[in-house]
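Q: Got a sequence here, can you model it:
(4 chains)
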4 protein chains.
Amino acid sequence: MHKLQDLVERIVAFRDARDWKQFHNPKDMSLSLVLEATEVMEHFQWKNKDEMEEYVKTNSDAIGDELADTLYWVLLMSKDLGIDVVAALDEKMTKNEEKYPVDKAKGSHKKYNEL
Amino acid sequence: MHKLQDLVERIVAFRDARDWKQFHNPKDMSLSLVLEATEVMEHFQWKNKDEMEEYVKTNSDAIGDELADTLYWVLLMSKDLGIDVVAALDEKMTKNEEKYPVDKAKGSHKKYNEL
Amino acid sequence: MHKLQDLVERIVAFRDARDWKQFHNPKDMSLSLVLEATEVMEHFQWKNKDEMEEYVKTNSDAIGDELADTLYWVLLMSKDLGIDVVAALDEKMTKNEEKYPVDKAKGSHKKYNEL
Amino acid sequence: MHKLQDLVERIVAFRDARDWKQFHNPKDMSLSLVLEATEVMEHFQWKNKDEMEEYVKTNSDAIGDELADTLYWVLLMSKDLGIDVVAALDEKMTKNEEKYPVDKAKGSHKKYNEL
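A: Numbering: from 1, shown residues only, chains lettered A, B, ... in the order given. Below you'll find the predicted structure:
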């Protein structure tokens, strides 16, 4: 993996060279985030388990492209809002470990408040 | 920022300790990705520019929480599908720089095929 | 307006002639519903108030196309699940009128639990 | 089913009594449309075929509630944009019947351009 910080700087430099910050209010950025996430999801529409397994073998580049687009907006929104999203996720994992204790959550897809 | 690779390993260990991989087919993971992305977007629903500026000042923890949840699925899906998403985004930036040349794209929010 | 019931019957006949009911489990149908709704939203990405006003004047056919696709899934999912969605919305409006009393909700975009 | 036109008038009267039209630009309305559609989808997250069949038996009111919320925005957006969405869907069905001829599309979930 590359260094994430370098990537964030590359994204910001790309954006600022094009003078696009004027468009990047949180609402429109989050709208783009959702659109990219749905493009990931569209890859799996209508496919059953077997079809998905077959599909991902030969389409991981295309799927990776959409995941990358989603990551783009996660990183740029976080940067603009002054959020260290990697630290935020790290903290969240600590909370998740408490919300979903292994003995209760093992093998279940219930939400923590239904366990 | 923490090391991203450590975070991915923490997420996978969290998941595997709970025996959740059985649920993690690409369709359901992408569905979760979309749901988390829409929770980011929900923060900005109905708010105008001034209200958003005010809102992000006092709610960056809550917004960061939803961005972290979105990142969680980007990282876990990528891991499961054998995709190096940081490298994929790095390559994508090279393509973006070509698709949106500074002299044509500067100050415009048009798509590359409309520039 | 045409009769809605005739339209639902046309949609079901279209689907059944193509033997597509086998794919129409609730998860995949709802996934399609979300994808069509995001295609409506995509029309307004990055546009400010003035740009939107201009845009809707000359693109109402294209927007109507995506709204129609969204309605398609609302109607077909409802039909398959035995839900009278028009009656459900009518009942919901009664609840909404109680949740958002005019004197409290007038001119505010707050959620009912924040009024 | 109730008369759809009456329902649209009820929705508009509800909105206008609360002076909410000021918030109802197309972008924010479409954002709400997407959020409601994802709430439909959330019902089916992680569930396999058997779990879904069981779930819909006892939760059709809750699902109908979210489908109704989605329909609300389809109808109100269409009304505001001067779109007769039922006629639009009726016309779309004519196009769909041509794009997906029975002999080619039968039993396949491929897109029309892949048939």
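
Q: Now the residue in chain A that chain C sits nearest to: closest residue in space, sequence neighbours ignored.
A: Residue nearest to chain C within chain A (Cβ to the nearest Cβ): residue A:38, separated by 4.7 Å. For glycine as for every other residue, the C-beta is placed from the backbone atoms N, C-alpha and C. Nearest in space to residue A:38, with sequence neighbours left out and distances taken as Cβ to Cβ, 6 or more residues apart in numbering or on different chains, is residue C:38 at 4.7 Å.

Q: quick one: the helices in chain A?
A: Secondary structure of chain A (DSSP state H): helices at A:4-17, A:26-42, A:49-58, A:60-80, A:85-99, A:102-105.

Q: Now do the same for the second one: mean pLDDT, whole number.
A: What it means is helix A:26-42. Mean pLDDT, computed over helix A:26-42, is 98.

Q: Could you list every helix and strand in contact with it?
A: helix A:60-80, helix B:26-42, helix B:49-58, helix B:60-80, helix C:26-42, helix D:26-42 (3 or more Cβ pairs under 8 Å, 6 or more residues apart in numbering or on different chains; DSSP states H and E).

Q: what's the offset of that helix from the middle of its chain?
A: Chain-centre distance of helix A:26-42: 10 Å, with Cα atoms, centre = their mean, to the nearest Å.

Q: follow-up on the earlier one: isn't the residue of chain A closest to chain C right up against residue C:35?
A: Yes - using Cβ atoms under 8 Å, residue A:38 is in contact with residue C:35, at 5.8 Å.

Q: ok, those two, which is more surrounded?
A: Legend: neighbour count by other Cβ atoms under 10 Å in any protein chain shown for residue A:38 and residue C:35, higher for residue A:38 (28 against 21).

Q: quick one: contacts for the more buried one?
A: For residue A:38, the contacting residues are B:34, C:34, C:35, C:38, by Cβ atoms under 8 Å, 6 or more residues apart in numbering or on different chains.

Q: Would you mind listing what in chain A touches chain C?
A: Neighbours of chain C within chain A, by Cβ under 8 Å from any Cβ of the partner chain: A:23, A:28, A:31, A:32, A:34, A:35, A:38, A:41, A:42, A:44, A:45, A:46.

Q: Which one of those residues sits in the busiest neighbourhood?
A: When neighbours are taken as other Cβ under 10 Å, the top entry among the residues of chain A next to chain C is residue A:34 (33 neighbours).

Q: what sits against that one?
A: Contacts of residue A:34 (Cβ under 8 Å, 6+ apart): B:34, B:37, B:38, B:40, B:41, C:38, C:41, D:34.

Q: What is the nearest of the residues you listed to residue C:4?
A: Distance ranking of the contacts of residue A:34 against residue C:4, using Cβ to Cβ, places residue D:34 first at 23.1 Å.

Q: And the residue in chain A sticking out farthest from the centre, how close does it get to chain D?
A: In terms of distance from the mean C-alpha position of chain A, residue A:103 ranks first, at 28.2 Å (Cα atoms, centre = their mean). Separation of residue A:103 from chain D (Cβ to the nearest Cβ, to the nearest Å): 20 Å.

Q: Would you mind listing what in chain A touches chain D?
A: Residues of chain A lying near chain D (Cβ under 8 Å from any Cβ): A:27, A:31, A:34, A:46, A:47, A:109.

Q: so how far is residue A:106 from residue A:95?
A: 18 Å (Cβ to Cβ, to the nearest Å).

Q: Over to residue A:98?
A: Residue A:98 sits 15 Å away from residue A:106 when distances are taken as Cβ to Cβ.

Q: Compare these two (neighbour count), which wins?
A: Neighbour count, other Cβ under 10 Å: between residue A:98 and residue A:106, residue A:106 has more, with 12 against 9.

Q: check contacts around residue A:31.
A: Neighbour list for residue A:31: B:41, C:41, C:44, C:45, D:27, D:31 [criterion: Cβ under 8 Å, 6+ apart].

Q: give me every residue that touches the closest residue to the second one other than its chain neighbours.
A: So that's residue C:41. Among residues not flanking residue C:41 along the chain, residue D:30 sits closest, at 4.0 Å (Cβ to Cβ, 6+ apart). By Cβ under 8 Å, 6+ apart, the contact set of residue D:30 is C:37, C:40, C:41, C:43, C:44, D:73, D:77.

Q: Would you confirm that residue A:74 contacts residue A:29?
A: No - Residue A:74 is beyond contact range of residue A:29, at 9.9 Å (criterion: Cβ under 8 Å).
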